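Student: Only the shape, not the letters, is given here:
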């Protein structure tokens, strides 16, 4: 495929995925499925789908693991420059140790700590949204591949 087709495909896939998550959340405003890091996840899922960083395991576990770190810190540690740095460093370390590195997930502890998110955030939007992104990404690539061949 040419660079223009690859670029257009990545943009359309990202647009469709974020729109779908936003529409689902729009109908149930208590359980949004969006967070900023999902926009960055779309770059990997739709522009670099063969990257190890875009694997389902990395997207889902990376987001869940780092979000868990953020929520634990919110619950038990005062938010300050040191705790923000420590949580981010711990999250990165855990992703590397568990072989679930997903760079966009590195933002999760910061966002969660700075906005004071609680335990429910782990389910909505983190787990549910990450799973939806992976399913949407796989479905999109499957349809796109069949359409282009």
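Tutor: Right, received. Where do you want to start? Bear in mind the structure is a predicted one, so any value in this text is a computation, not a measurement.
Student: Got phi/psi on the residue nearest the centre of the chain?
Tutor: Most central in the chain under C-alpha atoms, centre = their mean is residue 38, positioned 4.0 Å from the mean C-alpha point. Note on residue 38: backbone dihedrals following degrees, to the nearest 10 are phi -70, psi -30.
Student: And the longest helix along the chain, what does it pack against?
Tutor: Determined from DSSP state H, the single longest helix within the chain is helix 3-27. Applying 3 or more C-beta pairs under 8 Å, 6 or more residues apart in numbering; DSSP states H and E, we find helix 3-27 packed against helix 36-42, helix 128-148. No exception for glycine: its C-beta is placed from N, CA and C like everyone else's.
Student: in it, what's buried?
Tutor: 9-10, 13-14, 16-18, 21, 24-25 (16 or more other C-beta atoms under 10 Å).
Student: where does this protein have low pLDDT?
Tutor: 1, 27-30, 149 (pLDDT under 70).
Student: ok, back up a step: between the helices and strands packed on helix 3-27, which gets nearest to residue 56?
Tutor: Among the helices and strands packed on helix 3-27, the nearest to residue 56 by C-beta to C-beta is helix 128-148 (4.5 Å).
Student: What is that closest one packed up against?
Tutor: By 3+ C-beta pairs under 8 Å, 6+ apart, helix 128-148 packs against helix 3-27, helix 36-42, helix 56-76.
Student: switch to 6 Å and redo it
Tutor: helix 3-27, helix 56-76 (3 or more C-beta pairs under 6 Å, 6 or more residues apart in numbering; DSSP states H and E).
Student: Can you lay out these as TSV showing distance to residue 126?
Tutor: Shown next, in TSV, are the helices and strands packed on helix 128-148 (distance: least, C-beta to C-beta, whole Å):
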stretch	distance to residue 126
helix 3-27	12
helix 56-76	4
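Student: can you tell which of these is closest to residue 94?
Tutor: helix 56-76 (5.3 Å).
Student: hmm, who's touching the closest one?
Tutor: Outside of helix 56-76, the residues within contact range by C-beta atoms under 6 Å, 6 or more residues apart in numbering are 41, 83, 87, 90-91, 94-95, 100, 102, 105, 108-109, 112-113, 116, 119, 122, 126-127, 130-131, 134.
Student: Fine by me, we can end here.
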